[in-house]
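Chemist: Sequence and predicted model, in that order:
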Amino acid sequence: MRRTVLAAVLMSLSLPLAGCGAGGEPAPSATPGPSAPATAGPSQAASAGPSAVPTGKTFAWPDGLEATATVLGRLRPADHTDVQGGTVDERRLAGAREKLLGQSGEPLGLRVQLTNNGDTPLDLDAVEVQWVGVEVGGMARRAAADGGFEGELAPGGSATELSAWAVPDIVAVGYQVLVWPEGARNGAAGQFSGAVPGASLRPPQGDDHGH
């Protein structure tokens, strides 16, 4: 009889221990629950920035700044630069072409307009523009500026820069013009996508296939 009572007491003491953790707190269930979504990194919606727009369209930043980048077409070498009139200084163009390292390309004009719809002035001296290839790679080289960004752009104001570029074929077939209001790689760049009509890849300049 005594052994039976003792066995019953020990059994009653062991039953709650299976459902308790340290300190008498309920132990976690061994049954796996539904898997939670992975949260190792930020969600795509949270990390995605503003999308690129076609050249000629307007790109807007959250602070109210807007930009429009427009490719003006091929420029003619001349003794002076007049991007709006379709010419570029021949000596400056030659210097930009040297940086292409023999790649074939064309001189093209670019107009970038900034409009400050925000509440604070914009330092135009910090603005940088890049023209890069996104299909093959490469980078266009600025030959000359005809009225560059300088000074300060007050709220409600607009400023326009005209520039001439030596654009290699590898860029012309598919590119993005990047406008950095706070300098290259600082903040978010305005992105303008496009391709030069009729552009195609040609052999590098000076490449002699006849020998």
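Modeler: That came through, no problem. Residues are numbered from 1 along each chain as shown.
Chemist: all strands of this protein, in order?
Modeler: For the chain, strands defined by DSSP state E occupy the ranges 53-54, 58-60, 65-74, 76-78, 87-89, 105-116, 122-123, 128-133, 141-146, 152-153, 158-168, 175-180, 190-194.
Chemist: Next, report how far the third one is displaced from the centre of its chain.
Modeler: In other words, strand 65-74. How far strand 65-74 lies from its chain's middle: 16 Å, per Cα atoms, centre = their mean, to the nearest Å.
Chemist: again, but for stretch 70-79
Modeler: How far stretch 70-79 lies from its chain's middle: 26 Å, per Cα atoms, centre = their mean.
Chemist: Give me the most central residue, the protein.
Modeler: What sits nearest the mean C-alpha location of the chain, by Cα atoms, centre = their mean, is Ala189, with 5.5 Å.
Chemist: May I ask you to confirm that it is in contact with Glu182?
Modeler: No: Ala189 is beyond contact range of Glu182, at 9.4 Å (criterion: Cβ atoms under 8 Å). In short, each C-beta sits where N, CA and C put it, glycine included.
Chemist: Show me the common contact partners of the two, please.
Modeler: Common contact partners of Ala189 and Glu182 (Cβ atoms under 8 Å, 6 or more residues apart in numbering): none.
Chemist: Just give me the lowest mean pLDDT stretch among the strands of the chain.
Modeler: Per-segment mean pLDDT for the strands of the chain reaches its minimum on strand 141-146, at a mean of 87.
Chemist: what's that strand packed up against?
Modeler: strand 87-89, helix 90-98, strand 158-168 (3 or more Cβ pairs under 8 Å, 6 or more residues apart in numbering; DSSP states H and E).
Chemist: What residues sit buried inside the longest one?
Modeler: Of the residues in strand 158-168, those scored as buried under the neighbour-count criterion (16 or more other Cβ atoms under 10 Å) are Ala159, Glu161, Leu162, Ser163, Ala164, Trp165, Ala166, Val167, Pro168.
Chemist: Quick one: the strands of the chain as CSV, columns for distance to Arg202 too.
Modeler: Output for the strands of the chain, formatted as CSV (distance: least, Cβ to Cβ, whole Å):
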stretch, distance to Arg202
strand 53-54, 25
strand 58-60, 31
strand 65-74, 15
strand 76-78, 19
strand 87-89, 20
strand 105-116, 9
strand 122-123, 39
strand 128-133, 14
strand 141-146, 17
strand 152-153, 40
strand 158-168, 10
strand 175-180, 16
strand 190-194, 19
